[in-house]
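> output the structure for:
(one chain, ligands or ions: 1)
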Amino acid sequence: MSSNNLSSDTAPDSSPSKPSPATGKLGVLLPGVGAVSSTLIAGVMAARTGGATPVGSLSQLEFLPNPDDHDAVGPAISEACGLAGLDDIVFGGWDPISANALEAAETAGVLDHRDLAPVSGELEGVVTMPAVFDQDWVRNLDPVRIKEVSSKWDAALELIDDIERFRSEKQCDRLVMVWCGSTEVYRPAGDVHATVESFEQGLKDNDPGIAPSQIYAYAAMMTHTPYANGSPNVTCDAGFIEQLSLERNVPICGKDFKTGQTLLKTTIAPALRARMLGVRGWFSTNILGNRDGLVLDDPESFKSKEVSKLGVLHDILGPDQHPDLYGNMDHEVRINYYPPRGDEKEGWDNIDIFGWMGYPMQIKVNFLCRDSILAAPIVLDLALFMDLAARAGESGVQEWLSFYFKAPQPAIGAAPDSHIEHDLFVQRDNLLAKLNAWAK
Ligand SMILES: NC(=O)c1ccc[n+]([C@@H]2O[C@H](COP(=O)([O-])OP(=O)(O)OC[C@H]3O[C@@H](n4cnc5c(N)ncnc54)[C@H](O)[C@@H]3O)[C@@H](O)[C@H]2O)c1
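Take a look at the predicted model:
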């Protein structure tokens with residue numbers, strides 16, 4: 001189910017700048033060292049010594065297409081695009097609860113003891129920095145390691161200091177930041193987020209509309225650190241961050257890792273659309289019992305997730321073009337916190353479809369997945385590809401990375417009703433086309 005359809009917004013530049021070489025160390029900074037981050041870090045450490053295969057990671061396992069022979073594979077992406085190597089990555093991060101990546105991994109319970117044991121010393125060495133945290137934005141956590149600051153402005157300055165100290169102590173040539181912190185309550189951007197000036201004034205005034213994730217993103221821009229947003233937070237959907245990313249020539253992307261249910265949704269929906277089969281309803285429900293589930297148990301944090309999960313079907317199916325097939329569709333999403341499951345989320349989808357002469361049919365999907373096992377390779381790919389984009393001089397929203405997100409961020413300046421590509425296969429083609437243009 002492949003498409004050669006390149007959306008005009010994401011079509012690669014015909015003469016893209018060649019990325020500068022990935023020399024020296026790449027620091028990967030993770031605000032939020034919980035289940036996803038600790039699973040990522042442990043997996044990279046294991047892969048370095050050959051103890052694990054980085055399953056799910058295109059940057060490590062996929063090849064570029066061979067333009068001369070469609071039956072033959074092209075070069076490996078990592079080689080052809082000159083990605084930073086796993087040995088050159090240094091991890092750092094912030095967390096209001098976990099003191100280091102080992103503690104986070106043990107709390108999350110994603111990986112077995114036998115997988116953690118060989119890398120436990122190294123994991124313990126990834127010591128987290130105290131977080132910029134605000135209970136007003138994430139309600140269901142009890143923070144113990146947070147920065148004591150008198151204003152949001154001081155919080156930003158402390159994060160900038162943390163980043164520069166990390167860069168120099170770990171002797172990093174380049175940095176990237178991937179938000180793996182909790183989902184914040186849903187509050188769309190307001191006037192304070194409109195420009196850099198209004199945002200900086202808001203930081204000084206302790207404006208309650210400024211979320212912690214936005215302070216991290218601001219610090220990332222001020223230190224020329226590419227920023228990817230793995231949560232549904234509306235961090236980067238704001239004028240100030242877009243302005244900074246363009247003015248300071250720093251790539252950004254988001255939002256919300258496309259891992260389990262939405263991965264399948266954006267695979268099945270294009271198939272139904274391709275065959276002109278109708279959809280009357282799509283009911284998606286999940287149970288999960290990890291810390292992410294606990295945070296999402298707060299209706300205001302769930303609202304952020306709901307908004308990011310609901311957008312996909314409209315853009316893939318196109319009810320405006322085909323009102324008979326998709327114009328009367330109910331799309332519901334539920335997430336229930338159910339502690340016994342831990343990170344082993346179970347998702348159910350009931351899809352009410354209809355065919356010839358309107359006769360109804362049903363599809364049932366039951367995905368017993370592991371949230372962080374699916375998310376970890378996405379974080380690795382985003383870190384390496386954002387570093388590549390920065391080395392190629394890119395700035396603004398990296399739409400070619402939409403493949404990894406539930407709610408891909410539109411290009412800066414795009415019309416509010418512009419098409420957002422959700423089809424996994426079109427997104428994959430766009431990703432590979434961009435990488436191909438940068439290949440040696
Ligand atoms: N795992 C998946 O499949 C998946 C998919 C899509 C999105 N996500 C998103 O990724 C994020 C991480 O997921 P997770 O399963 O690792 O959750 P988690 O709860 O295990 O980890 C998140 C960590 O962020 C920390 N945190 C909260 N506020 C913070 C702040 N202001 N600064 C620094 N740290 C902060 C928490 O203490 C926690 O340790 C969540 O936002 C989740 O919604 C996960």
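> use CA for all of it now, contacts and neighbours both
Noted.
> for Phe405, list the residues it contacts.
With contacts defined as C-alpha atoms under 8 Å, 6 or more residues apart in numbering, the neighbours of Phe405 are 230, 254-258.
> reformat those residues as CSV; add pLDDT.
Output for the contacts of Phe405, formatted as CSV (pLDDT from 0 to 100):
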residue, pLDDT
Gly230, 97
Gly254, 94
Lys255, 93
Asp256, 94
Phe257, 96
Lys258, 95
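> secondary structure added to the residues you listed, as JSON lines?
What follows is the contacts of Phe405, written out as JSON lines (DSSP: H, G, I helix; E, B strand; the rest coil):
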{"residue": "Gly230", "secondary structure": "coil"}
{"residue": "Gly254", "secondary structure": "strand"}
{"residue": "Lys255", "secondary structure": "coil"}
{"residue": "Asp256", "secondary structure": "coil"}
{"residue": "Phe257", "secondary structure": "strand"}
{"residue": "Lys258", "secondary structure": "coil"}
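> ok, the residues you listed vs Lys303, which is closest?
Distance to Lys303, by C-alpha to C-alpha, is smallest for Asp256 among those, at 13.1 Å.
> that closest one contacts Asn229, doesn't it?
Yes - taking C-alpha atoms under 8 Å as the definition, Asp256 is a contact partner of Asn229 at 6.6 Å.
> returning to that earlier point: who wins for neighbours among the contacts of Phe405?
By neighbour count, taken as other C-alpha atoms under 10 Å, the most surrounded of the contacts of Phe405 turns out to be Gly254 (31 neighbours).
> show me the contacts for the closest residue to the ligand within the stretch 151-300 of the chain.
Taking C-alpha to the nearest ligand atom as the measure, the stretch 151-300 of the chain has Gly181 as its residue closest to the ligand, at 3.3 Å. With contacts defined as C-alpha under 8 Å, 6+ apart, the neighbours of Gly181 are 30-34, 95, 231.
> and the ligand, which of those residues reach it?
Under the cut-off given by C-alpha under 6 Å from any ligand atom, the ligand has 31-34, 95, 231 from those close to it.
> quick one on the thing from earlier: cross the contacts of Gly181 against helices and list the overlap.
Assignment to helices by DSSP state H places none of the contacts of Gly181 there.
> quick check: the farthest pair among these?
Of all pairs drawn from the contacts of Gly181, the widest gap by C-alpha to C-alpha lies between Asp95 and Ser231 and measures 15.1 Å.
> can I get the contacts of Phe405 in a markdown table with distance to Asp320?
What follows is those, written out as a markdown table (distance: C-alpha to C-alpha, whole Å):
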| residue | distance to Asp320 |
| --- | --- |
| Gly230 | 30 |
| Gly254 | 26 |
| Lys255 | 25 |
| Asp256 | 26 |
| Phe257 | 27 |
| Lys258 | 25 |
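> filter the residues you listed down to the ones near the ligand?
230, 256-258.
> tell me where this protein has strands.
Listed in chain order, the strands found in the chain under DSSP state E are 25-31, 63-65, 73-76, 89-94, 172-179, 227-229, 251-254, 278-288, 330-337, 346-354, 360-368, 396-397.
> select the helix or strand of the protein having the lowest average pLDDT value.
Across the helices and strands of the chain, the lowest-confidence element by mean pLDDT, DSSP states H and E is helix 299-317, at a mean of 79.
> angle of that one against strand 330-337?
Relative orientation of helix 299-317 with respect to strand 330-337: 140 degrees, computed using axes from the mean of the first three to the mean of the last three C-alpha atoms, to 10 degrees.
> residues of the protein that sit close to the ligand?
Contacts of the chain with the ligand, taken as C-alpha under 6 Å from any ligand atom, map to 31-37, 94-97, 131-133, 180-183, 212, 230-231, 256-259, 291-292, 371-372, 374-375.
> quick revisit: the strands of the chain: which one's closest to Pro270?
Pro270 lies closest to strand 278-288 among the strands of the chain, at 11.6 Å (C-alpha to C-alpha).
> can you list the strands that that closest one pairs with?
Strands flanking strand 278-288 in the sheet, each with its direction: strand 330-337 (parallel), strand 346-354 (antiparallel) (DSSP bridges).
> from these, which stretch is densest packed?
Per-residue neighbour counts averaged over each of the strands paired with strand 278-288 give the maximum for strand 346-354, namely a mean of 19 (mean count of other C-alpha atoms under 10 Å).
> only alpha carbons, please: show it as PDB.
Once side chains and other backbone atoms are set aside, the C-alpha atoms of strand 346-354 remain, and they are given as PDB (Å, rounded to 0.1, in the frame of the first residue of the first chain):
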ATOM      1  CA  GLU A 346      -4.600  -2.900  25.400                       C
ATOM      2  CA  GLY A 347      -6.500  -1.100  22.700                       C
ATOM      3  CA  TRP A 348      -9.700  -2.100  21.100                       C
ATOM      4  CA  ASP A 349     -11.100  -0.600  17.900                       C
ATOM      5  CA  ASN A 350     -14.600  -1.200  16.700                       C
ATOM      6  CA  ILE A 351     -15.000   0.100  13.100                       C
ATOM      7  CA  ASP A 352     -18.500   0.200  11.600                       C
ATOM      8  CA  ILE A 353     -18.100   0.200   7.900                       C
ATOM      9  CA  PHE A 354     -20.500  -0.200   5.000                       C
END
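> pLDDT of that strand, averaged?
Averaging pLDDT along strand 346-354 gives 96.
> who touches Trp348 in this structure?
Trp348 makes contact with 284-286, 364-367, according to C-alpha under 8 Å, 6+ apart.
> any idea how far the ligand is from the residue lying farthest from the centre of the chain?
Summary for the chain: using C-alpha atoms, centre = their mean, the residue whose C-alpha lies farthest from the chain's mean C-alpha position is Met357, with a distance of 41.0 Å. In this structure, Met357 lies at 38 Å from the ligand, with C-alpha to the nearest ligand atom, to the nearest Å as the measure.
> ok, now Pro339?
Summarising the geometry, the distance separating Pro339 from the ligand, computed by C-alpha to the nearest ligand atom, is 13 Å.
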